[in-house]
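Asks: Show me how the following folds:
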Amino acid sequence: AGSHRWQKIINEPDRIGYNYTRCLYAEIFHELGEPELDWVICARDEPWVKSYNPRIGFKRTQTLMQGHKVCDHFFYIEK
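Replies: From the prediction side, this is the model:
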């Protein structure tokens with residue numbers, strides 16, 4: 001995918017995880033000098049996952065928008 005680059009870091013039957021190393025949204029907001037607007041994009045991830053399937057959980061501990069080297073995404077089946 002041209003706008004994002006990622007690597008799968010967890011691939012198990014009940015959970016999967018990715019590290020994103022490129023995000024077009026982060027690049028655009030930083031270029032515009034508006035990195036605090038990043039949450040307009042990032043904040044929608046968890047509600048989107050729940051709307052797709054309420055049994056899927058989502059966790060993120062760091063983002064490219066906040067200046068980290070990766071944006072981690074963890075998806076898991078809630079029990």
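Asks: and the next element down the chain from the helix or strand bottoming out on mean pLDDT in the chain?
Replies: Within the chain, no helix or strand scores below helix 39-42, which has a mean of 84 by mean pLDDT, DSSP states H and E. Per DSSP states H and E, the first helix or strand lying C-terminal to helix 39-42 is helix 45-52.
Asks: can you pull the buried residues of that following helix?
Replies: residue 49 (16 or more other C-beta atoms under 10 Å). Every residue, glycine included, has its C-beta placed from N, CA and C.
Asks: contacts for the least confident helix or strand of the chain?
Replies: Applying C-beta atoms under 8 Å, 6 or more residues apart in numbering, the set of residues contacting helix 39-42 from outside is 25, 29, 60, 63, 65.
Asks: So, low pLDDT: which residues of the chain?
Replies: By pLDDT under 70, the low-scoring segments of the chain are 1.
Asks: ok, back up a step: are any of the contacts of helix 39-42 buried, and if so which?
Replies: Judged by 16+ other C-beta under 10 Å, buried ones among the contacts of helix 39-42: 25, 29, 63, 65.
Asks: Filter those residues down to the ones in helices?
Replies: 25, 29 (DSSP state H).
Asks: Would you mind putting the buried ones among the contacts of helix 39-42 into JSON lines with distance to residue 42 alongside?
Replies: Below are the buried ones among the contacts of helix 39-42 laid out as JSON lines (distance: C-beta to C-beta, whole Å):
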{"residue": "25", "distance to residue 42": "8"}
{"residue": "29", "distance to residue 42": "10"}
{"residue": "63", "distance to residue 42": "6"}
{"residue": "65", "distance to residue 42": "6"}
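Asks: from the contacts of helix 39-42, which is closest to residue 74?
Replies: residue 60 (7.1 Å; C-beta to C-beta).
Asks: Please tell me how far residue 29 sits from residue 8.
Replies: Using C-beta to C-beta, to the nearest Å, one obtains 25 Å as the distance from residue 29 to residue 8.
Asks: ok, now residue 69?
Replies: 17 Å.
Asks: just residue 63 next, same as before
Replies: For residue 63 relative to residue 8 (C-beta to C-beta), the value is 18 Å.
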